[in-house]
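K.L.:
Based on what follows, work out the 3D shape:
(chains A and B, ligands or ions: 2)
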Amino acid sequence: MLRSLFPNVKMADLMEATKETIYMTGVSVLGTFIFGIALGLLLYLTAKDGLWANKILNFIVATVVNVFRAIPFIILILLLFPFTEFLIGTIRGPNAALPALIIGASPFYGRMVEIALKEVDKGVIEAAKGMGAKTSTIIFKVLLPESMPALISGITVTAIALISYTAMAGVIGAGGLGDLAYLKGFQRWDFDVVLVSTILIVLIVFLFQFLGDYVSNKLDKR
Amino acid sequence: MISIKSLQKVFQSSSGNVQAVDDVSLDIEKGEIFGVIGYSGAGKSTFIRLLNRLEDPTSGEIVIDDNDISKLRGKGLRKARQEIGMIYQHFNLLWSRTVKENIGFPLEIANVPKQEREQRVNELVDLVGLSGRENAYPSQLSGGQKQRVGIARALANKPKVLLCDEATSALDPETTDSILDLLTDINKKLGLTIILITHEMHVIRKISNRVAVMEEGRVVEQGDVLDVFRNPQQKVTKRFVEQVMGDRDQDDSLQEILTHYDSGHILKLHFVGEKTNQAVISEVAKQYDISINILQGKITQTQKGAYGTLVVHLTGEESVIQEAIQYISATSVKVEVNPDAS
Ligand SMILES: Nc1ncnc2c1ncn2[C@@H]1O[C@H](COP(=O)(O)OP(=O)(O)OP(=O)(O)O)[C@@H](O)[C@H]1O
Ligand SMILES: [Mg+2]
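P.N.:
Numbers count the residues shown, from 1 in each chain, chains lettered A, B, ... in the order given. Ligands and ions are numbered 1, 2, ... in the order given. Predicted coordinates for the structure are as follows:
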């Protein structure tokens, strides 16, 4: 029955493409989580009245973030080709998509991290300071845990953006479901392949959304 | 044990400078509960935050147990802060941690090993009366319970001083009293020095030994709570005393009362300190064959005993009444016979 509905869909290709999409999304989400938090912390801590208040550093970080956020993703991939080739050794395949995905999403997520950190109660930070906490203790035991539900909702939104970025990257040869839909579907005019790829992408988006909401709710003790 | 000399704090901003603390000098003794009272904007919070350097002083000196807090930096300052506990109006608990984990936080900061930490946390949970709630999150607690967590947390590293910034201002009167009782209890049990700031004279009256009154950054009056109650010097201080005693209204009604009695004697009794005098009325009633009718009064309890006035009407045989007056006058209660209303 499935065979007759989707005559051109090859199970092995589909499995492979799905694995690639999940792999690209998973690794880039992890990378974005780390770099984004680093950027967000830097923005937050160097801001006026921050723990490391530093006008110049804050200006530099904010500018870099804004510039990278302004570059459309598809152009960012092209722009990063030389860097990707140097780093990964190729510009094709799922691994080659990772630098562009992480560099594209981190500034976006970094801003969300900054907003989440600003929401942390100043009184609690002050209380920690009053107890004799070091800045590193304040970061890892106050700022991050207290903002964790917001950080998780932020990374969920970012992950969904990343899934659509992986599809875009797929079109220029990164593999995954985007690649499948474009090369094996669109270019051969086999629309059943496009359709099945779409369904799978939507399912992956739902999966990430569900996971994100679940974890965020679980952590939120307010 | 705490000696503050010529402390100044100026906030500089584009709209001008604010002198939040102006030349404050105080000596606070070990084991006492020292209250600082003042209206909003008087500089109380700034003052108390200077004591653990949440604010840096513009000039002046703060010496706690021979350690000049105003000159510390980096590691030395962090170490000193571990010996100064602080509780806040809005509790400032970490909502992501349970009661136990909140109380253990300062111990983590001080690198206390896990096992010792746990034992200490359990002691503290007991001390502040939160047994059974140790695994709750702050959002599941009432305001009073949250402040108990705050107190336990502040005591975790066995500090020498406890700073309280409007610690009861977010609580209802009954809960306020229970928290003040807990603080008094801790002060007695642990011999802990407590500095508390408030805008409620009730709080000062209930637990302080000594009080300083702040206005526009300056300490305008200070002394034993009872002395300040009995003999307030400054206008602000008088207003604060009235908060508790409500004097002005009372004199009006006294005038009214006096016109109603032409037989017997009206006595105005002044109680100052000394708890033993509280029984004086019942003693008189027992020993002398006269009737005592209480017309009005306001007695308040301070750490040093009762303070206030009581207006009574005595009727009976004149000679017996005179004996009773003699008896009362022999105690430390001051007696005014047939007072005029002024
Ligand atoms: N960070 C700051 N920057 C500038 N001015 C400040 C700052 N903190 C306090 N002030 C000013 O210092 C003065 C004293 O403020 P403070 O908070 O110490 O008063 P307070 O007695 O605690 O009042 P409240 O009872 O309302 O808490 C006020 O005029 C306030 O505006
Ligand atoms: Mg204040």
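
K.L.:
Is stretch A:151-170 positioned near chain B?
P.N.:
No - Stretch A:151-170 stays clear of chain B (C-beta under 8 Å from any C-beta of the partner chain), getting no nearer than 11.7 Å. Bear in mind the C-beta positions are built from the backbone N, C-alpha and C, glycine included.

K.L.:
show me what contacts B:Gly308?
P.N.:
Going by C-beta atoms under 8 Å, 6 or more residues apart in numbering or on different chains, B:Gly308 touches B:Met245, B:His270, B:Phe271, B:Gly297, B:Lys298, B:Ile299, B:Thr300.

K.L.:
For the spatially most central residue of chain B, pull up the helix or strand it's in.
P.N.:
Nearest to the mean C-alpha position of chain B, counting by C-alpha atoms, centre = their mean, stands B:Ile204 at 2.7 Å. Taking DSSP states H and E as the criterion, B:Ile204 maps to helix B:201-207.

K.L.:
Tell me the strands beside the helix or strand just after that helix, with direction?
P.N.:
Using DSSP H and E, the helix or strand that follows helix B:201-207 in sequence is strand B:210-215. Sheet pairing of strand B:210-215 (DSSP bridges) gives strand B:33-38 (parallel), strand B:218-224 (antiparallel).

K.L.:
Pick the most buried one from those.
P.N.:
Mean neighbour counts were taken over the strands paired with strand B:210-215 using mean count of other C-beta atoms under 10 Å in any protein chain shown, and the top value, a mean of 26, falls to strand B:33-38.

K.L.:
So which residues lie in contact with that strand, not counting its own?
P.N.:
Outside strand B:33-38, the residues within contact range by C-beta under 8 Å, 6+ apart are B:26, B:28, B:44, B:47-48, B:183-184, B:187, B:193-201, B:203-204, B:207-215, B:219, B:225, B:236, B:240, B:303.

K.L.:
change it to 6 Å
P.N.:
The contact list for strand B:33-38, computed with C-beta atoms under 6 Å, 6 or more residues apart in numbering or on different chains, reads B:28, B:44, B:187, B:194-198, B:204, B:207-214, B:240.

K.L.:
same check, this time on stretch A:48-58
P.N.:
Contacts to stretch A:48-58, defined as C-beta under 6 Å, 6+ apart, come from residues A:Leu45, A:Thr46, A:Ala47, A:Thr135.

K.L.:
Among those, the buried ones, what's the PyMOL command?
P.N.:
Typed into PyMOL, the next command selects the buried ones out of the contacts of stretch A:48-58 (criterion: 16 or more other C-beta atoms under 10 Å in any protein chain shown):
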select buried, chain A and resi 45+46+47
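
K.L.:
And the furthest pair within the contacts of stretch A:48-58?
P.N.:
Greatest spatial distance among the contacts of stretch A:48-58 (C-beta to C-beta): A:Ala47 and A:Thr135, at 14.2 Å.

K.L.:
What parts of chain A come near chain B?
P.N.:
Within chain A, the positions near chain B by C-beta under 6 Å from any C-beta of the partner chain are A:Gly123, A:Val124, A:Ala127, A:Gly130, A:Met131, A:Gly132, A:Ala133, A:Thr137, A:Pro145, A:Glu146, A:Lys221, A:Arg222.

K.L.:
The fourth one is in contact with B:Asn52, isn't it?
P.N.:
It stands for A:Gly130. Yes - between A:Gly130 and B:Asn52 a contact is recorded at 5.3 Å, counting by C-beta atoms under 6 Å.

K.L.:
quick one: common contacting residues for these two?
P.N.:
Shared contacts of A:Gly130 and B:Asn52, defined by C-beta under 6 Å, 6+ apart, are found at B:Arg81.

K.L.:
Identify the residue nearest A:Tyr69 in space, chain neighbours excluded?
P.N.:
Not quite, residue A:69 is Arg, not Tyr. Take A:Arg69 and drop its neighbours on the chain: the residue closest to it by C-beta to C-beta, 6 or more residues apart in numbering or on different chains is A:Pro107, 4.7 Å away.

K.L.:
What is the burial count for the closest residue to ligand 1 within chain A?
P.N.:
Closest contact between chain A and ligand 1, by C-beta to the nearest ligand atom, is at A:Asp49 (9.0 Å). Using other C-beta atoms under 10 Å in any protein chain shown, A:Asp49 has 6 neighbouring residues.

K.L.:
what bits of the chain have low per-residue confidence?
P.N.:
Defaulting to chain A. Counting by pLDDT under 70, the ranges of chain A that qualify are A:1-2.

K.L.:
other chain: chain B
P.N.:
Using pLDDT under 70, chain B drops low at B:246-253, B:274-278, B:340-342.

K.L.:
so what are the domain limits for it?
P.N.:
Structural domains assigned to chain B are B:2-238, B:246-337, following automatic domain parsing.

K.L.:
Go through those domains and pick out the most buried.
P.N.:
Highest mean neighbour count among those (mean count of other C-beta under 10 Å): domain B:2-238, a mean of 19.

K.L.:
State the three-state secondary structure for residue 133.
P.N.:
No chain specified, so I'll use chain A. Classification of A:Ala133 using DSSP: H, G, I helix; E, B strand; the rest coil returns coil.

K.L.:
switch to chain B, that's the one I care about
P.N.:
B:Arg133 - assigned by three-state DSSP - is coil.

K.L.:
Then B:Lys268?
P.N.:
In three-state terms, and counting by three-state DSSP, B:Lys268 is strand.

K.L.:
wouldn't it be in contact with B:Pro339 here?
P.N.:
Yes - B:Lys268 is within contact range of B:Pro339, at 4.4 Å (criterion: C-beta under 6 Å).

K.L.:
Just the closest of the contacts of B:Gly308 to ligand 1, please.
P.N.:
Of all those, B:Met245 has the smallest distance to ligand 1: 21.7 Å, by C-beta to the nearest ligand atom.

K.L.:
could you check the distance from A:Thr198 over to A:Leu180?
P.N.:
According to C-beta to C-beta, to the nearest Å, A:Thr198 and A:Leu180 sit 10 Å apart.

K.L.:
ok so, going back, check contacts around the residue nearest to A:Arg69.
P.N.:
A:Val65, A:Phe68, A:Arg69.

K.L.:
Now the phi/psi pair for the closest residue to ligand 1 within the stretch 151-300 of chain B, please.
P.N.:
Nearest residue of the stretch 151-300 of chain B to ligand 1 (C-beta to the nearest ligand atom) works out as B:His199 at 5.3 Å. Torsion angles at B:His199 (phi, psi; degrees, to the nearest 10) stand at phi -110, psi 10.

K.L.:
Lovely, talk soon.
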